[in-house]
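Asks: Fold the following, please.
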Amino acid sequence: MIQRLVRPVLLLLAGVAFSLVLLNRVQAGGSHYFPPVADPLVNAECGSCHLAFSPAMLPARSWQALMGDLRNHFGDDASVDPVTAEKIRRYLVANAADARGQRQGERLLRGLAPERVPLRITELPKWVSEHRELSARSWRDPKVRSRANCTACHADAALGYYED
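Replies: Okay, here's the model as predicted:
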């Protein structure tokens, strides 16, 4: 009888331990966690050139503006067909920092004037504050090259974790 109970109890304990580790990881990220892109189309299209940034990192008005001018996407032509563009736009806007329930994104938007339409995450006051201690030399490092290269310093950025 006891033998039959040992395996289920061990599995239950392993499940609880795994859940606690996962919960601790999310809490550790705190205001530095942003849900990663869950849409395969967005990951494929945006992620083919750079990290597919969490929609919770910019307000809806910014995603609207970015998707409205894909021919001039930071010096590159990121155009896609209109149907694909609309699907991506809808996903980004629905999951934007100012969308209902986006607690993480709301924190990132603190200090941003409502009329501002930042086109770069690096323009957000919270981002600037978080990175103020980095020198110009740090940004020129060949491993970093750009303020948009989050994975150079945040190894788990693709998973949504941006803690140091």
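Asks: Pull the contacting residues for residue 97.
Replies: 55-60, 104-106, 108-109 (C-beta atoms under 8 Å, 6 or more residues apart in numbering). Yep, even glycine has a C-beta here, placed from its N, CA and C like the rest.
Asks: okay, among those residues, which ones form the most distant pair?
Replies: The span of the contacts of residue 97, defined through C-beta to C-beta, is set by 60 and 104 at 14.9 Å.
Asks: one step back: now the contacts of residue 97 as CSV including distance to residue 42 and pLDDT?
Replies: Listed next are these as CSV, based on distance: C-beta to C-beta, whole Å; pLDDT from 0 to 100:
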residue, distance to residue 42, pLDDT
55, 8, 95
56, 13, 94
57, 13, 93
58, 13, 95
59, 17, 96
60, 15, 96
104, 18, 74
105, 16, 79
106, 21, 80
108, 19, 85
109, 20, 90
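Asks: These in helices, which ones?
Replies: Mapping the contacts of residue 97 onto helices (DSSP state H) picks out 60, 104-106, 108.
Asks: and the spatially most central residue of the chain, what does it touch?
Replies: Residue closest to the mean C-alpha point of the chain, counted by C-alpha atoms, centre = their mean, is residue 54 at 2.8 Å. Going by C-beta under 8 Å, 6+ apart, residue 54 touches 34-37, 95, 160.
Asks: This structure: helices as residue ranges?
Replies: Under DSSP H, the chain gives helices at 2-29, 40-46, 60-68, 82-94, 103-108, 125-131, 136-140.
Asks: Those helices: lowest mean pLDDT?
Replies: Mean pLDDT is lowest for helix 2-29 among the helices of the chain, at a mean of 56.
Asks: which of the ones in helices among the contacts of residue 97 has the most neighbours?
Replies: In terms of neighbour count, residue 108 stands highest of the ones in helices among the contacts of residue 97 at 25 neighbours, by other C-beta atoms under 10 Å.
Asks: rewinding a little: which among the contacts of residue 97 gets closest to residue 147?
Replies: residue 57 (12.9 Å).
Asks: give me the number of residues near that closest one?
Replies: 26.
Asks: any idea how far the nearest residue to it once chain neighbours are set aside is from residue 86?
Replies: Nearest non-adjacent residue to residue 57, counting by C-beta to C-beta, 6 or more residues apart in numbering: residue 121, 4.9 Å away. Between residue 121 and residue 86 the distance is 23 Å, computed by C-beta to C-beta, to the nearest Å.
Asks: Among the two, which residue is more densely surrounded?
Replies: residue 121 (19 against 12).
Asks: Outline the domain layout of the chain.
Replies: Domain assignment for the chain, taken from automatic domain parsing, gives 1-32, 34-159.
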